[in-house]
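fold the following and give me the result.
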Amino acid sequence: MKRSRSVGASSPLNGIGKQDGDPRRKRKLAEISQALNVTPVDVAVLRRMAISEGGLLTDEIRCKVWPRLLNVPTDILPEKSGMPDEQREGLQEELIDIILRVLGRNTQLHYYQGYHDIVVTFLLVLGERLATALVEKLSTHHLRDFMDPTMDNTKHILNYLMPIIERVNPEVHDFMQQAEVGTIFALSWLITWFGHVLSDFRHVVRLYDFFLACHPLMPIYFAAVIVQYREDEVLDCECDMASVHHLLSQIPQDLPYETLISRAGDLFVQFPPSELAREAAQQYSQQMAASTFKDFDLTPEQQRADTVLRRRRREKQALKGAAAGAMVATAQPTTARRFVRLAVMGLTVALGAAALTLVNTALEWAPKLDLHLFP
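Residues are numbered from 1 along each chain as shown. Next up is the predicted model:
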């Protein structure tokens, strides 16, 4: 009989309860407000709030805190952030506009399959103007190496996964090595910040709180703790590449996110990237070819911008008890827009690589202030 783990119904979805009378929630809201209202803003406290149980709690707070975590200048941000429901009909065009602006202003960046999963999350939470500013900052920092013309850096970052697993659980590591499963099952996790594989929008934005507050390599640590959490299932699996790859590619939707976030943070402190760098480099000789990245070989329908937007929109509106509406693109594409539209639709895709900005600790790393908003 296969062994498996499950999360009980009483497990908290967002860590801290949503009731106004919850003392932990009140205390956290007060700490966030105080950190935002001092001069200068206490970014260290905001990072701690984003990482700690429950994350940033609401999208309204995220509109205020996410720019601080990415060091985007707030004195030129629009006063009103977020997107009213009545303005959501044009989301697909706004998504393409954001991608066009970012790529147009940063010609060294290359669109990659899954990029729009990240962009649409920022669009839904922040609205187009603010999302554009943060996506540009994110694309030139956390996601920078994903947006290279080749997959070399992406593969290198994936190579950190097995050394982390080896330190946490040598038995699982050896089993995976024997199965020759590699790390490709985690590719879509990494390059979309789990946005493509998680069906609940609340879980996605909770992870974004965590990743925005941390070192760019934190998603690979989170991938490692997911594998560790599924230890029993892995060891009960047939020890061959196809079986183990299939198991790990199907990420559970009922994970204990707060527990895994805490564990990932602990692992980062215990085994920082600098300690793993040599082993990660050695993994190149065992790396599967880029042509075998089948777990992210998505069908055109899965990668259509309107498909992603509808899925995310349904998830977000379901939280408010509202039905999702259909979205239709109406603007005629220019040559540049047509190219990006093809890419977003999954018809023209250039897989890139991921971000690796070396820092000493997660809380010491932060993007430099160099972004200007569009007029």
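
assign Leu109 to helix, strand or coil.
coil (DSSP: H, G, I helix; E, B strand; the rest coil).

and the gap between it and Pro219?
19 Å (CB to CB, to the nearest Å). To be clear about C-beta, it is placed using only N, CA and C from the backbone, and glycine gets the same treatment.

cool, and Glu231?
Look at Glu231 and Pro219: by CB to CB, they are 20 Å apart.

repeat that for Asp240.
Distance of Asp240 to Pro219, computed by CB to CB: 27 Å.

tell me which of those two has more neighbours.
Pro219 (25 against 13; other CB atoms under 10 Å).

what about Trp193, which SS state?
Per three-state DSSP, Trp193 ends up coil.

right, and it touches Phe211 too?
Yes - distance between Trp193 and Phe211: 5.6 Å, which falls inside the contact criterion (CB atoms under 8 Å).

shared neighbours of those two, anything?
Listed as contacting both Trp193 and Phe211 by CB atoms under 8 Å, 6 or more residues apart in numbering are Pro219.

low-confidence ranges in the stretch 1-150 of the chain?
1-21, 74-90 (pLDDT under 70).

quick one, helices of it?
23-37, 43-51, 59-69, 91-105, 115-126, 128-139 (DSSP state H, counting those that start in this stretch).

which of the ones you listed sits closest to Val244?
For those, the distance to Val244 is smallest for helix 115-126, at 24.8 Å, taking CB to CB.

the protein - how does it break down into domains?
Per automatic domain parsing, the structural domains of the chain span 78-147+299-363, 152-296.

ok, of those, where does mean pLDDT dip lowest?
Within the domains of the chain, confidence is poorest for domain 78-147+299-363, with a mean of 65 (mean pLDDT).

looking at the helices of the stretch 1-150 of the chain, spot the one closest to Phe185.
helix 115-126 (16.9 Å).

how about the helices of the stretch 1-150 of the chain, which one is nearest His215?
The nearest among the helices of the stretch 1-150 of the chain, by CB to CB, is helix 43-51 at 11.1 Å.

quick one: work out the angle between the closest one and helix 59-69.
Interaxial angle of helix 43-51 relative to helix 59-69 (axes from the mean of the first three to the mean of the last three CA atoms, to 10 degrees): 130 degrees.
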